[in-house]
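Enquirer: Okay, sequence plus prediction incoming.
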Protein chains: 2
Amino acid sequence: MIGFEPIGVVHSPFVEPSDVPRYVADRADAKGIVEVFPAYREGLLDLEGFSHIILIWYFHKSKEASLVATPPYDAGTKGVFATRSPRRPNGIGLTVVELERIEDGILHIRRFDMIDNTPVLDIKPHIPEFDSKTEFRIGWLEDARRTANHKTARSS
Amino acid sequence: MIGFEPIGVVHSPFVEPSDVPRYVADRADAKGIVEVFPAYREGLLDLEGFSHIILIWYFHKSKEASLVATPPYDAGTKGVFATRSPRRPNGIGLTVVELERIEDGILHIRRFDMIDNTPVLDIKPHIPEFDSKTEFRIGWLEDARRTANHKTARSS
């Protein structure tokens, strides 16, 4: 087994997983903080220059793992590794968040999906050269969105 | 402590960390595989449609952690959370790789930086809406690259 100790904790207005807005666009106004524990604060030096950071955290309220998941965008089940479902074999969450500022070991963040008291395992700078892709395919998600748009167009 | 079990292992032409090409552009030709252990293969369903996936893995050959790091791009030390250094408090690695195909639980990947025998903890689809940023600041890295380009221009 590989063991990790949390380096910090999230304080979030979302108390339960169901409080997290389903769409990224609806998360823009959410403000939260990551409290980095004092022993690790020296590691935050030079982080503030990055507009976006990657938070790696633990799904501490997730139910038991499952190898299949039913994501919100689609009615059918998918392999869990083809989704961002919390019920993963290793409950590791990953979110690219906006970093507003850092004050005394406290990261002020926006556009996140973590609930209150989420343990934080790692913080990395988001480097577009590594992490952003301009040409891509998104598999089942593309079909699911096309169907969703089609439904919206028909119902309006 | 939060404990995880590897769900797979990387087979890579890079044996030591020093074998990994420093620049992303130089990693394009590297071919490797992720062998997902049989117990987890059902979770790979529907993943093949994604051109890029996020691998979360363990720096199994990393030396002891340090809160400061000296990244390759820059002469000065930085806070470790402002770098992608392996010597992190929790040795979690994250790479967005190209997925070529999946065959019998084996992911054929390109453009990666993991060394041979790296334990894999999680696999997620790369979803540009969540993970790619078009407007960004990259702090110290921008200054370091400007200096590097300036040096290159002067020496040519």
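Expert: Here it is on my side, so go on.
Enquirer: C-alpha only now, for contacts and for neighbours.
Expert: OK.
Enquirer: For the residue most central in space within chain A, what are phi and psi?
Expert: With distances taken as CA atoms, centre = their mean, the residue of chain A nearest its centroid is A:Thr95 (2.8 Å). The phi/psi pair for A:Thr95 (degrees, to the nearest 10) reads phi -140, psi 130.
Enquirer: Quick check, it in contact with A:Ile56.
Expert: Yes: taking CA atoms under 8 Å as the definition, A:Thr95 is a contact partner of A:Ile56 at 6.8 Å.
Enquirer: for the residue nearest to the centre of chain A, what are its contacts?
Expert: Listed by CA atoms under 8 Å, 6 or more residues apart in numbering or on different chains, the contact set of A:Thr95 reads A:Ile54, A:Leu55, A:Ile56, A:Phe112, A:Asp113, B:Phe130, B:Asp131.
Enquirer: and the two most separated of the residues you listed?
Expert: Greatest spatial distance in those: A:Ile56 and B:Phe130, 13.9 Å, computed using CA to CA.
Enquirer: I'd like the mean pLDDT over stretch A:141-156, please.
Expert: What stretch A:141-156 shows for mean pLDDT is 67.
Enquirer: An error on my part: the question was meant for stretch A:59-67.
Expert: Over the span of stretch A:59-67, the pLDDT mean works out to 93.
Enquirer: That one close to chain B?
Expert: Yes: contact of stretch A:59-67 with chain B (CA under 8 Å from any CA of the partner chain) involves A:Leu67.
Enquirer: which parts of that stretch are buried?
Expert: By 16 or more other CA atoms under 10 Å in any protein chain shown, the buried positions in stretch A:59-67 come out as A:Phe59, A:Ser66, A:Leu67.
Enquirer: doesn't A:Leu94 make contact with the first one?
Expert: No: in this structure, A:Phe59 is not within contact of A:Leu94 by CA under 8 Å, at 9.8 Å.
Enquirer: ok, the residue nearest to A:Pro6 when sequence neighbours are not counted - how many residues close by?
Expert: Nearest residue to A:Pro6, sequence neighbours excluded (CA to CA, 6 or more residues apart in numbering or on different chains): A:Leu121, at 4.9 Å. By the criterion of other CA atoms under 10 Å in any protein chain shown, A:Leu121 has 22 neighbours.
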